[in-house]
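Asks: Pasting the sequence and the predicted coordinates here, then a few questions.
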Amino acid sequence: MEIKVAKIEDLGQILDLQKACYLEEAELYDDFEIPPLTQTLHSIKTDFEKEKFLKIESDGKIIGSVRGFLEKETCKIGRLIVDENFRNKGLGRLLMKEIESKFDSAERFELFTGHKSGRNLSLYNKLGYSEFQKKRINEKLELIFLEKRNYKTANNNV
């Protein structure tokens, strides 16, 4: 299994996997109208025009994905997903490391997850991310924003 840059023809599979993965999040928050579940193929194609999508395949099937884009000096990372049958094998960590490497000129990396998403928070903390902001969305959901400095660029600026 190797991580590759996704192509536009991969978006249908990525969207299907995204919806399967985020169903767990929806159940956790009792909210089935979250954007990853309601996203359309048209919408993900629009995202694809401005974001870099990565994928991992096994036997020709996409089993993981993440995306990111650069906004000023910050790489915004989103929608890290891994097929439930391939979890706890380090694929999420590999996808995160690879998306960070694709934006190695960024000064920092930023992402968010829900406050009840313990597995996500644990992974991001292990990868060096730390909380910098909380944002209450509704009575069920508070988003936790996390960041990590890119020490490659920090050393270049010294």
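Replies: Received the coordinates, thanks. As the structure is a prediction and not an experimental result, all values here were calculated from the model.
Asks: By residue count, what's the longest strand in the protein?
Replies: strand 61-71 (DSSP state E).
Asks: what comes up buried for the longest helix belonging to the chain?
Replies: When the chain is parsed with DSSP state H, its longest helix is helix 11-29. Residues Leu11, Gln13, Ile14, Leu15, Leu17, Gln18, Cys21, Tyr22, Glu25, Ala26, Leu28, Tyr29 are the ones in helix 11-29 that count as buried (16 or more other C-beta atoms under 10 Å). (C-beta placed from N, C-alpha, C; glycine too.)
Asks: Repeat that for stretch 120-133.
Replies: Using 16+ other C-beta under 10 Å as the test for burial, stretch 120-133 gives Asn120, Leu121, Leu123, Tyr124, Leu127, Tyr129.
Asks: Check stretch 133-151 too.
Replies: Across stretch 133-151, burial judged by 16+ other C-beta under 10 Å covers Leu141, Ile144, Leu146, Glu147, Lys148, Asn150.
Asks: can I get those in a markdown table with distance to Lys50, secondary structure and pLDDT?
Replies: Shown next, in a markdown table, are the buried residues of stretch 133-151 (distance: C-beta to C-beta, whole Å; DSSP: H, G, I helix; E, B strand; the rest coil; pLDDT from 0 to 100):
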| residue | distance to Lys50 | secondary structure | pLDDT |
| --- | --- | --- | --- |
| Leu141 | 25 | coil | 90 |
| Ile144 | 24 | strand | 97 |
| Leu146 | 22 | strand | 98 |
| Glu147 | 21 | strand | 98 |
| Lys148 | 22 | strand | 98 |
| Asn150 | 20 | coil | 93 |
